[in-house]
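Visitor: I'll drop the sequence and a predicted model, then ask my questions.
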Amino acid sequence: MAAIFQGVGAATALSPSKSIASKKFRLPTRRSVSARKRGIVLVRSDGSLNLGLNSIGRRDQLLISNAFATKSDGSAASTASKSGHEILLFEALQEGLEEEMDRDPRVCVMGEDVGHYGGSYKVTKGLAKKFGDLRVLDTPIAENSFTGMGIGAAMTGLRPVVEGMDMGFLLLAFNQISNNCGMLHYTSGGQFTIPIVIRGPGGVGRQLGAEHSQRLESYFQSIPGIQMVACSTPYNAKGLIKAAIRSENPVILFEHVLLYNLKERIPDEDYICNLEEAEMVRPGEHVTILTYSRMRYHVMQAAKTLVNKGYDPEVIDIRSLKPFDLYNIGNSVKKTHRVLIVEECMRTGGIGASLTAAINENFHDHLDAPIVCLSSQDVPTPYAGTLEEWTVVQPAQIVTAVEQLCK
């Protein structure tokens, strides 16, 4: 199988590409837009509901100056002009993946049902028909095997994107991810780079049960050599997956199962998001609220209530789970002097615990109150909907926490 992938990569002579994880470029795009007419309930990135229906060419590009939102209640894309196209989050991932496969013949996809079925959440829909079965490879139900195969393909010079049908299933590939993916660059004395992207859905859904409601950020954060990012809008989903594919580092992209139907207008121009940069969602003065993924929307819902009560919260989507963007986080802490962390990860050993330690170590003198962290309860996620809701942070809890912090 490695020989097959080598043959695919050897089809075109390519010079080694450099990591662009910490930079933004303007680049020509090759984007094909397919009309989708499936009926669906759309949830816009500002939280509103909408009942709706769900080309290749070179053009001059406009520089996407940064990946930050400047409006108080919008994402980065909402600051762009009205030109562009509306797209769902799963479609943004598909579009970014397709553009990168067009741009670089070394990019390939592998995983369960990623081929002609189009993936469990349709992120790879249409790619097998366009690029063929060698570049979009359906695999057996064997996460340890195809993840290891993807790492081996990356060692030969390809840029594989490995999809876990559910992030919880990737626990079966933990050995490959920890002992091979994260360490081979070091243990080979720099002879190998591992430019692989591992992505898939996770998080607490709608009564998916404990095994399908895993939040594995805390499992992978301690692995040396791994970068981790979490998307939360169509804009940053596309920008992050494109940047991750171009990076020389192994990147794990966390997608939330409940955010795939978020809808947003994104630019037609080619762009990427910085893999190591947080996103300012709402500027404020009274308290810094750090969050990511689905909790971004719980925080923004709470922020509306807080504003009506006279508070001015600053909301930051940390987005880069490893490493943390301590530059922008630190600037916010120095301004507000109070920090609330809101996450869906477990409280014990979670992202919030690591972020709390990092802030205390670097910005303790700027804090006027102890850091507060709201996390999911340390219990298996119940199947019953009412109990499931109790295990996850809700907007009312965020409002109460801010009120106590700002006393």
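Guide: Perfect, I can see it now.

Visitor: Would you mark the buried spots in stretch 222-233?
Guide: For stretch 222-233, the neighbour count (16 or more other CB atoms under 10 Å) marks 223, 226-233 as buried. Where you see a C-beta, it was placed from the backbone N, CA and C, and this is true even at glycine.

Visitor: repeat for stretch 294-306
Guide: Neighbour-count burial for stretch 294-306 [16+ other CB under 10 Å]: 294-300, 302-303, 306.

Visitor: What lies in contact with that stretch?
Guide: With CB atoms under 8 Å, 6 or more residues apart in numbering as the test, stretch 294-306 has contacts from 46-47, 73, 203-204, 232, 256, 258-259, 281-282, 289, 291, 313, 315, 317, 342-344, 393-396, 398-399, 402.

Visitor: which residues touch the nearest residue to residue 196 once chain neighbours are set aside?
Guide: Leaving aside its sequence neighbours, residue 196 sits nearest to residue 154 (CB to CB, 6 or more residues apart in numbering; 4.3 Å). Going by CB under 8 Å, 6+ apart, residue 154 touches 160, 193-196, 250.

Visitor: Now tabulate the residues you listed in JSON lines and tack on pLDDT, neighbour count and distance to residue 186.
Guide: Below are the contacts of residue 154 laid out as JSON lines (pLDDT from 0 to 100; neighbours: other CB atoms under 10 Å; distance: CB to CB, whole Å):
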{"residue": "160", "pLDDT": "97", "neighbour count": "28", "distance to residue 186": "20"}
{"residue": "193", "pLDDT": "95", "neighbour count": "18", "distance to residue 186": "11"}
{"residue": "194", "pLDDT": "96", "neighbour count": "24", "distance to residue 186": "10"}
{"residue": "195", "pLDDT": "97", "neighbour count": "24", "distance to residue 186": "15"}
{"residue": "196", "pLDDT": "97", "neighbour count": "27", "distance to residue 186": "15"}
{"residue": "250", "pLDDT": "97", "neighbour count": "28", "distance to residue 186": "12"}
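
Visitor: Let's see which of those residues end up in strands.
Guide: Members of the contacts of residue 154 lying in strands (criterion: DSSP state E): residue 160.

Visitor: Show me which pair in the contacts of residue 154 is furthest apart.
Guide: Greatest spatial distance in the contacts of residue 154: 160 and 193, 12.7 Å, computed using CB to CB.

Visitor: Between the buried residues of stretch 294-306, which sits nearest residue 350?
Guide: residue 295 (11.8 Å).

Visitor: Correct me if wrong, but the residue nearest to residue 196 is in a helix.
Guide: Yes: using DSSP: H, G, I helix; E, B strand; the rest coil, the assignment for residue 154 is a helix.

Visitor: Please tell me how far it sits from residue 193.
Guide: To residue 193, residue 154 is 8 Å away according to CB to CB, to the nearest Å.

Visitor: And for residue 103?
Guide: 19 Å.

Visitor: Tell me which residues are up against stretch 124-143.
Guide: So stretch 124-143 is contacted by 4-5, 7-8, 34, 94, 97-98, 101, 105, 107-119, 145-146, 149, 163-164, 169-170, 172-173 (CB under 8 Å, 6+ apart).

Visitor: What's the ChimeraX line that selects buried ones from those residues?
Guide: Per 16+ other CB under 10 Å, the buried members of the contacts of stretch 124-143 correspond to this ChimeraX selection:
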select :5,8,94,97,98,101,105,107,108,109,110,111,112,114,115,118,119,146,149,163,164,169,170,173
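
Visitor: Test my guess that residue 385 contacts residue 205.
Guide: No: with contact defined as CB atoms under 8 Å, residue 385 does not count as touching residue 205 (10.7 Å).

Visitor: Which one of those two is surrounded by more residues?
Guide: More neighbours surround residue 205 than the other of residue 385 and residue 205, with 17 against 10 (other CB atoms under 10 Å).

Visitor: shaky segments in the stretch 251-400 of the chain?
Guide: Within the stretch 251-400 of the chain, no range satisfies pLDDT under 70.

Visitor: Please enumerate the strands of it.
Guide: Counting by DSSP state E, counting those that start in this stretch, the stretch 251-400 of the chain has these strands, from start to end: 251-256, 262-266, 279-282, 287-291, 313-317, 320-322, 339-346, 372-376.

Visitor: Which among the contacts of stretch 294-306 count as buried?
Guide: Of those, these count as buried by 16+ other CB under 10 Å: 46, 73, 203-204, 232, 256, 258-259, 281-282, 289, 291, 313, 315, 317, 342-344, 393, 395, 398-399, 402.

Visitor: quick one: terminal-to-terminal distance for stretch 126-134?
Guide: Terminal residues of stretch 126-134 are spaced 14 Å apart (CA to CA, to the nearest Å).

Visitor: again with stretch 189-207
Guide: Termini of stretch 189-207 sit 46 Å apart (CA to CA).

Visitor: Over to stretch 113-131?
Guide: 15 Å.

Visitor: Equivalent analysis for stretch 362-380, please.
Guide: First residue to last in stretch 362-380 (CA to CA) measures 33 Å.

Visitor: With stretch 158-169 instead?
Guide: 24 Å.

Visitor: Then stretch 286-306?
Guide: First-to-last residue span, stretch 286-306, CA to CA: 11 Å.

Visitor: One more: stretch 329-346?
Guide: The first-to-last residue distance of stretch 329-346 comes to 21 Å (CA to CA).
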